[in-house]
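Asks: Have a look at this fold, sequence not included:
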Ligand code: SF4
């Protein structure tokens, strides 16, 4: 399928038009980042935990075949049906066929970015199956027919006024009642009914333990537990990178995940599922969808260590000021910008450029992924493969030409300074994207070199 190159910067410009909202978004996420810092600083062993988690993931990824087969064998021995899906289409087909076999018409789903990645809701709805996302943030964006804008905080782009309007329109709540407790309770009443009438529960998976064949799902609302314990059918969908070798490793990841995501010492519910309860059927769908391809890319295989904590999004100055929807991908932010080109280079060629490469993402990542270096590596590949914008390519070539010729560099600096002094309108105009949201600096009278020559002793 031919995809057009999308443009993060244009989408970001639309987001930034509402300055007040953009500032609020920026500050809210920075607040979450600060909570993460405090939580991390309270653990003297924080850096060792990161080292260990990174090492365990590296080891698992380099023996993934072995651990996947061990997990499958254990899960089957526990009475779980295990399925393998090569891509999103096969995943959706498998999930639908299980539901169809059980004549399931009403499904409750707890947060799963994998099912977003595969477009599962759309697929099931087109087959006449009703799917309700039961995480509050996911439920809000589902009612608004939007994608989550953040992997942990799916409705972080919305204010309570937006939620109130959405609920008034879709759930007939009181108009202009912005009280978060009232709004949450209204959603709770509707969702309780959905849980009670559900024929099946679909969940994501945070961790899968090869040693035991069990899965762990972390939520703050307990919605995965409610769904799984009330429905006669449980389908868990997981990317093949979610494996860890042993149950004892969970302690490391659970401590890192909650603190990195929201600054909590532990997620409210860390639920372990090993086998179906009496009278219930349990299925696990193991999904590749490009992951083995990414594993084969030397520079990017470490991106599969990701535990989807969202810390790199919260700290990223570009994500905070451009919003998750600008990334036109189920996973937004720095890690999304690494994962997306693997799935479709052309469609996602803009994303690795949505970064200042400041490295803050790498500094906070609990599994020590070299995120900013991978973004930089994608840029090299995309430009070489001609997926980058032609204007960017031409300007980089011109820049390389000037920078590799010292005399020309000095001369163009001189001309540039004069233009900025005498004809500032030539630089400070709407054609210059840097000028749109910034005051251009006053041009200095001389270059540093000239100043140094005059002042050296
Ligand atoms: S890349 Fe690291 S910081 Fe970003 S979501 Fe994944 S684990 Fe968290």
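Replies: That came through, no problem. Because the structure is predicted, anything quoted here is derived from the model rather than measured.

Asks: Domain ranges for the chain, per the record?
Replies: 43-289, 394-455 (the TED database).

Asks: Against residue 14, how distant is residue 362?
Replies: Distance, residue 362 to residue 14, using CB to CB, to the nearest Å: 29 Å. Where C-beta positions appear, they are placed from N, C-alpha and C, glycine not excepted.

Asks: neighbour count winner among those two?
Replies: Set residue 362 next to residue 14 and count neighbours by other CB atoms under 10 Å: residue 362 wins out with 19 against 12.

Asks: tell me the contacts of that one?
Replies: Neighbour list for residue 362: 368-373 [criterion: CB atoms under 8 Å, 6 or more residues apart in numbering].

Asks: So which of those reach the ligand?
Replies: The subset of the contacts of residue 362 within reach of the ligand, by CB under 6 Å from any ligand atom, is 369, 371.

Asks: Which of the contacts of residue 362 sits closest to the ligand?
Replies: Nearest to the ligand out of those is residue 369 (CB to the nearest ligand atom; 4.8 Å).

Asks: That closest one: how many residues sit nearby?
Replies: Around residue 369 there are 24 residues (other CB under 10 Å).

Asks: that older thread, who wins for proximity to the ligand among the domains of the chain?
Replies: domain 43-289 (5.8 Å).

Asks: related to what we said a few turns ago, most neighbours of all the contacts of residue 362, which one?
Replies: residue 371 (27 neighbours).

Asks: Hmm, it is touching residue 361, no?
Replies: Yes. Here residue 371 lies in contact with residue 361, judged by CB atoms under 8 Å, at a distance of 4.1 Å.

Asks: Now for the two: what residues contact both?
Replies: Counting by CB under 8 Å, 6+ apart, the residues touching both residue 371 and residue 361 are 312, 334-335.

Asks: Of those, which are in range of the ligand?
Replies: The overlap between the shared contacts of residue 371 and residue 361 and the neighbours of the ligand (CB under 6 Å from any ligand atom) comes to 312, 335.

Asks: Next, format the shared contacts of residue 371 and residue 361 as a markdown table and append neighbour count.
Replies: Output for these, formatted as a markdown table (neighbours: other CB atoms under 10 Å):
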| residue | neighbour count |
| --- | --- |
| 312 | 28 |
| 334 | 31 |
| 335 | 25 |
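
Asks: List the contacts of residue 200.
Replies: Listed by CB under 8 Å, 6+ apart, the contact set of residue 200 reads 98-99, 102, 104, 106-108, 231-235.

Asks: To clarify, my last question referred to residue 24.
Replies: Contact analysis of residue 24 by CB under 8 Å, 6+ apart lists residue 159.

Asks: ok, now the one 4 residues further on?
Replies: Residues in contact with residue 28, defined by CB under 8 Å, 6+ apart, are residue 156.

Asks: Show me which positions of the strand or helix carrying it end up buried.
Replies: Here residue 28 is covered by helix 19-41, with elements defined by DSSP states H and E. Neighbour-count burial for helix 19-41 flags 21-22, 25-26, 28-29, 32-33, 35-36, 39-40 (criterion: 16 or more other CB atoms under 10 Å).

Asks: Using JSON lines, lay out these together with pLDDT and distance to the ligand.
Replies: What follows is those, written out as JSON lines (pLDDT from 0 to 100; distance: CB to the nearest ligand atom, whole Å):
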{"residue": "21", "pLDDT": "96", "distance to the ligand": "24"}
{"residue": "22", "pLDDT": "96", "distance to the ligand": "22"}
{"residue": "25", "pLDDT": "98", "distance to the ligand": "18"}
{"residue": "26", "pLDDT": "97", "distance to the ligand": "18"}
{"residue": "28", "pLDDT": "97", "distance to the ligand": "17"}
{"residue": "29", "pLDDT": "98", "distance to the ligand": "13"}
{"residue": "32", "pLDDT": "98", "distance to the ligand": "12"}
{"residue": "33", "pLDDT": "98", "distance to the ligand": "11"}
{"residue": "35", "pLDDT": "98", "distance to the ligand": "14"}
{"residue": "36", "pLDDT": "98", "distance to the ligand": "10"}
{"residue": "39", "pLDDT": "98", "distance to the ligand": "14"}
{"residue": "40", "pLDDT": "97", "distance to the ligand": "12"}
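
Asks: Averaged over its residues, which helix or strand of this structure has the lowest pLDDT?
Replies: helix 433-436 (a mean of 76; mean pLDDT, DSSP states H and E).

Asks: what's in contact with it?
Replies: In contact with helix 433-436 (CB under 8 Å, 6+ apart) are residues 9, 13, 427-430, 440.

Asks: hmm, try it at 7 Å
Replies: Contacts with helix 433-436, where a contact means CB atoms under 7 Å, 6 or more residues apart in numbering, come from 428-430.

Asks: again, but for stretch 254-264
Replies: So stretch 254-264 is contacted by 32, 35-36, 38-40, 49-50, 53, 152, 218, 265-267, 270, 307, 309-311, 364, 366 (CB under 7 Å, 6+ apart).

Asks: Out of the residues you listed, which sit inside strands?
Replies: The strands, defined by DSSP state E, take in 218, 270 from the contacts of stretch 254-264.
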